[in-house]
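Engineer: Fold the following.
(one chain, ligands or ions: 1)
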Amino acid sequence: MEEAEQPRSAYRSLWRLGPYARPWRRRLVLAIVATICAMAAGLTIPLMIQSILDGPIARGETTGLIWPVLGIALLGFAEAGLFYCRRKMLARPTTHIEARMRHDIYAHLQRLPVSFHDRWQSGQLLSRAVTDLSTIRGFFAFVGVFLVVNSLTLVGGLVVLFSLDFWLGLTVLISALPLIAISTVFERKYKVVARLAQDQDGDLATTVEESALGIRVLKAFGRGPHLAAKFAKQAKVLRGTELHKVRISSLLWGAIVLLPEIGIAGQLLVGTSGIVNGTMTVGTLVAAVTVAAYLRWPTDSIGWLLAETNQTSAATDRYFEVLDEPVTVADPADPKPPASPPRGLLRFDNVHFRHTEGGKEILRGVDLEVRPGETVALVGATGTGKTTLTALVPRLADVTEGRITIDGVNVADMRLADLRTLVSVAFEEPVLFSASVRENVALGSTDATDEQVWEALRVAQADGFVTALPWGLDTRIGEQGLSLSGGQRQRLALARTIVGRPAVLVLDDPLSALDVHTEAEVERALREVLSGVTALVVAHRPSTVQLADRVAMLADGRIAAVGTHSELLAGNSAYRRLLSTLDESEEVRA
Ligand SMILES: Nc1ncnc2c1ncn2[C@@H]1O[C@H](COP(=O)(O)OP(=O)(O)OP(=O)(O)O)[C@@H](O)[C@H]1O
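Structural biologist: Numbers count the residues shown, from 1 in each chain. The predicted structure follows:
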């Protein structure tokens with residue numbers, strides 16, 4: 001991630017958390033009030049001490065001591081009870097706010113188009129959804145409350161000091177003034193570095209995640225040490241940034257420790273001369289010094305609280321950077337229902353597509369019709385846009401020009417949920433989740449019964465090995481399905497594609513990872529499935545082409561030729577050349 005630009009004010013960023021805090025405002029305000037009362041109780045104690053010193057002690061009598069002493073004990077209990085209430089009152093709101101924000105970011109990530117996920121590193125998303133949200137929870141649970149309460153306590157303490165003696169109050173106020181200037185500089189500098197550290201933390205998470213997912217490749221290529229070195233370098237950079245943070249906060253900390261001490265020294269100087277001149281009592285000076293000592297925690301904590309506030313505002317910015325990303329592939333305002341029952345006529349009309357605005361146009365006017373029940377194989381040289389074209393059917397991305405229709409209805413006019421029930425996709429890379437076989441297959445149709453799951457597994461030639469798994473459908477398969485062989489993963493992914501009996505199948509060469517024997521089995525099963533549905537199958541091997549009724553050849557962003565395999569083979573030299581490069585090892589069957 002690049003170094004963050006100068007961020008906006010911490011408080012403007014935090015303001016955006018308002019809607020999350022609003023439902024809990026009563027509890028949050030009550031918690032702040034309880035804490036203010038606790039602090040007020042604490043600040044009253046020095047006044048009681050003054051009344052004891054200047055009263056019973058100055059008069060040398062013990063009668064009259066009992067009530068102030070009892071009062072101090074009661075104030076102590078009240079302070080403790082109010083702190084307990086604060087903690088209890090904040091527990092629910094803070095955990096709810098965190099859970100709500102986590103839900104929102106996850107739901108938004110699901111809605112965001114694939115192009116967003118292409119641009120963003122997964123570790124950055126992970127650190128926003130986990131680390132940044134715990135920072136925000138900590139703000140609501142503690143930092144925010146004490147920032148308000150401690151500021152008020154400082155003001156309250158100064159009022160008490162001025163009411164005890166004007167000059168004592170002024171001494172403490174003057175000694176605290178430099179703190180305001182130092183805090184302002186700190187606020188400006190610290191947020192930039194806090195943001196940088198959070199971004200670097202996200203980069204580190206990305207490296208860990210990628211190396212965990214790609215562990216087989218790394219081991220096979222002996223690249224573990226290289227990744228370890230990369231990780232160590234990133235960790236070192238992060239360590240440097242953390243040290244920079246410490247250097248910035250050290251200045252504030254130094255001032256925070258020094259200035260109150262100077263204040264107390266000044267109080268003793270002013271107080272002692274007042275007592276000698278007879279303008280001040282000992283009780284007043286002791287009370288003032290006790291109040292100043294009581295203000296140590298609010299003063300000391302200000303540095304830490306400001307640091308945490310800046311950290312939270314950077315975390316909030318990072319959170320909203322994701323939430324502010326527009327959902328470009330969304331339900332239309334006025335959705336049209338798909339044909340019922342669907343026939344499965346898939347048409348591409350003058351379809352254009354480019355990945356990025358101003359980028360190269362990958363598809364430049366694709367026209368193709370796949371008739372109901374027909375299987376069309378899509379072939380083309382590598383990088384011509386076959387995968388891109390198939391991704392446009394379920395609207396993983398939107399066409400930049402032209403339209404795709406199913407039974408005459410533009411896919412962009414349908415609700416996404418309707419479209420994705422109508423169209424099912426299998427990718428070249430079968431992605432499985434750390435869940436049971438049943439859950440992995442039923443992802444294609446959440447209300448599928450066990451019978452339907454078994455039927456889909458049978459068709460995908462996967463029922464045999466699933467039956468042999470220790471817990472059958474309930475067997476959990478590892479993250480990415482790594483405990484299964486490549487062919488088994490592919491077949492499970494295929495079962496998922498067909499379990500909902502979609503009207504249109506889009507297969508991005510799902511047979512590529514299968515060995516010749518298994519591939520033949522799946523092909524046979526697929527033939528059965530494909531006979532009932534419309535299918536567009538990206539084919540990298542001549543054997544996959546054999547599954548199709550017709551073949552469409554993609555070249556230069558357009559469909560260059562369409563026909564049966566035999567027709568094209570007989571009459572199209574470009575097709576013959578292409579087939580010979582697709583898979584040299586396979587015999588081309590005419
Ligand atoms: N997210 C992306 N952003 C920008 N360009 C992309 C993106 N994904 C793919 N491309 C480019 O679009 C072009 C078409 O890619 P696509 O994967 O559709 O080709 P393909 O025909 O399926 O290739 P193959 O046969 O090798 O699988 C390629 O030049 C590729 O580099």
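Engineer: Surely Thr153 is in contact with Leu43?
Structural biologist: Yes: between Thr153 and Leu43 there is a contact under C-beta atoms under 8 Å: 7.1 Å. In this view, the C-beta of every residue, glycine as well, is placed from N, C-alpha and C.
Engineer: Just after the helix ranked longest in the chain, pick out the following helix or strand.
Structural biologist: Longest helix of the chain, by residue count under DSSP state H: helix 224-277. As assigned by DSSP states H and E, the chain's next helix or strand after helix 224-277 is helix 282-294.
Engineer: Quick check: which element contains the residue in the stretch 1-150 of the chain positioned nearest to the ligand?
Structural biologist: As assessed by C-beta to the nearest ligand atom, the ligand sits closest to Asp118 within the stretch 1-150 of the chain, at 4.1 Å. Assigned by DSSP H and E, Asp118 falls within helix 114-119.
Engineer: who touches that helix?
Structural biologist: 109, 325, 328, 355-356, 391, 396-397 (C-beta atoms under 8 Å, 6 or more residues apart in numbering).
Engineer: Check which helices and strands the longest helix of the chain is in contact with.
Structural biologist: Judged by 3 or more C-beta pairs under 8 Å, 6 or more residues apart in numbering; DSSP states H and E, the packing partners of helix 224-277 are helix 166-213, helix 282-294, helix 296-323.
Engineer: will you turn those helices into TSV that also has distance to His103 and mean pLDDT?
Structural biologist: Conversion of the helices and strands packed on helix 224-277 to TSV gives the following (distance: least, C-beta to C-beta, whole Å; pLDDT from 0 to 100):
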stretch	distance to His103	mean pLDDT
helix 166-213	20	83
helix 282-294	42	86
helix 296-323	12	86
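Engineer: Run a quick neighbour tally on Gly81.
Structural biologist: For Gly81, the neighbour count with other C-beta atoms under 10 Å is 14.
Engineer: Show the backbone phi and psi for it.
Structural biologist: Note on Gly81: its backbone torsions stand at phi -60, psi -40 [degrees, to the nearest 10].
Engineer: What mean pLDDT does stretch 576-590 get?
Structural biologist: Here stretch 576-590 scores 62 as its mean pLDDT.
Engineer: got it, and stretch 272-281?
Structural biologist: On average, the pLDDT along stretch 272-281 is 87.
Engineer: now Glu209: how far from Ala220?
Structural biologist: According to C-beta to C-beta, to the nearest Å, Glu209 stands 19 Å off from Ala220.
Engineer: cool, and Gln50?
Structural biologist: Where Ala220 is concerned, Gln50 sits at a distance of 78 Å (C-beta to C-beta).
Engineer: Looking at these two, which has the bigger crowd around it?
Structural biologist: Neighbour comparison, Gln50 and Ala220: the larger count goes to Gln50, with 22 against 9 (by other C-beta under 10 Å).
Engineer: Now do the contacts for that one.
Structural biologist: So Gln50 contacts 164, 281, 283-284, 286-287 (C-beta under 8 Å, 6+ apart).
Engineer: Select from these the one having the most neighbours.
Structural biologist: Neighbour max across the contacts of Gln50 (other C-beta under 10 Å) = Ala287, 26 neighbours.
Engineer: what separates that one from Ala232, distance-wise?
Structural biologist: Computed as C-beta to C-beta, the Ala287 to Ala232 distance reads 56 Å.
Engineer: same thing with Val282?
Structural biologist: Taking C-beta to C-beta, one finds Val282 at 62 Å from Ala232.
Engineer: again with Ser151
Structural biologist: Using C-beta to C-beta, Ser151 is found at 42 Å from Ala232.
Engineer: more neighbours, these two?
Structural biologist: A count of neighbours by other C-beta under 10 Å puts Ser151 above the other of Ser151 and Ala232, at 13 against 10.
Engineer: what does this structure have sitting close to the ligand?
Structural biologist: Near the ligand, the residues belonging to the chain are 118, 355, 362, 380, 382-388 when assessed by C-beta under 6 Å from any ligand atom.
Engineer: Helix, strand, or coil at Val562?
Structural biologist: Under DSSP: H, G, I helix; E, B strand; the rest coil, Val562 falls in the strand class.
Engineer: List the single closest residue to it in space, sequence neighbours excluded.
Structural biologist: Spatial nearest neighbour of Val562, excluding adjacent residues (C-beta to C-beta, 6 or more residues apart in numbering): Ala552 at 4.8 Å.
Engineer: With Leu396 instead?
Structural biologist: Val114 (4.8 Å).
Engineer: Counting neighbours, what do you get for the residue nearest to Lys230 when sequence neighbours are not counted?
Structural biologist: Closest residue to Lys230 apart from its sequence neighbours, by C-beta to C-beta, 6+ apart: Thr207 at 6.3 Å. As a burial measure, Thr207 scores 18 neighbours (other C-beta under 10 Å).
Engineer: Tell me how far Thr207 lies from the ligand.
Structural biologist: Separation of Thr207 from the ligand (C-beta to the nearest ligand atom, to the nearest Å): 21 Å.
Engineer: Looks like that residue contacts Gln234 (just checking).
Structural biologist: Yes: under the criterion of C-beta under 8 Å, Thr207 makes contact with Gln234 at 6.0 Å.
Engineer: those strands in the stretch 351-500 of the chain, which residues are they?
Structural biologist: Per DSSP state E, counting those that start in this stretch, the stretch 351-500 of the chain carries strands over the ranges 361-370, 375-380, 401-406, 409-410, 423-426, 435-436, 476-477.
Engineer: would a markdown table of those strands with mean neighbour count be doable?
Structural biologist: What follows is the strands of the stretch 351-500 of the chain, written out as a markdown table (neighbours: other C-beta atoms under 10 Å):
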| stretch | mean neighbour count |
| --- | --- |
| strand 361-370 | 19 |
| strand 375-380 | 24 |
| strand 401-406 | 18 |
| strand 409-410 | 17 |
| strand 423-426 | 24 |
| strand 435-436 | 16 |
| strand 476-477 | 18 |
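Engineer: Any idea which of these gets closest to Leu133?
Structural biologist: Closest to Leu133 of the strands of the stretch 351-500 of the chain is strand 435-436 (C-beta to C-beta; 23.9 Å).
Engineer: The closest one - contacts with which helices or strands?
Structural biologist: strand 476-477.
Engineer: What strands flank the strand it packs on, and is each parallel or antiparallel?
Structural biologist: strand 435-436 (antiparallel) (DSSP bridges).
Engineer: what sits against Gln267?
Structural biologist: 168, 171-172, 285, 288-289, 292.
Engineer: Ranking by neighbours, what's the top pick from those residues?
Structural biologist: Ala288 (28 neighbours).
Engineer: Which of the contacts of Gln50 sits closest to Leu259?
Structural biologist: Leu164 (19.7 Å).
Engineer: I'd guessed the closest one sits against Ala288; true?
Structural biologist: Yes: counting by C-beta under 8 Å, Leu164 does reach Ala288; the two are 5.1 Å apart.
Engineer: Give me the three-state assignment for the nearest residue to Glu209 once chain neighbours are set aside.
Structural biologist: In space, and not counting its chain neighbours, Glu209 is closest to Gly123: 5.2 Å by C-beta to C-beta, 6+ apart. Look at Gly123: counting by three-state DSSP, its state is helix.
Engineer: ok, Val537 - contacts?
Structural biologist: 375-378, 505-507, 509, 544, 547-548.
Engineer: okay, now Arg415: neighbour count?
Structural biologist: 15.
Engineer: Tell me the spacing between it and Ala330.
Structural biologist: Taking C-beta to C-beta as the measure, Arg415 and Ala330 are separated by 10 Å.
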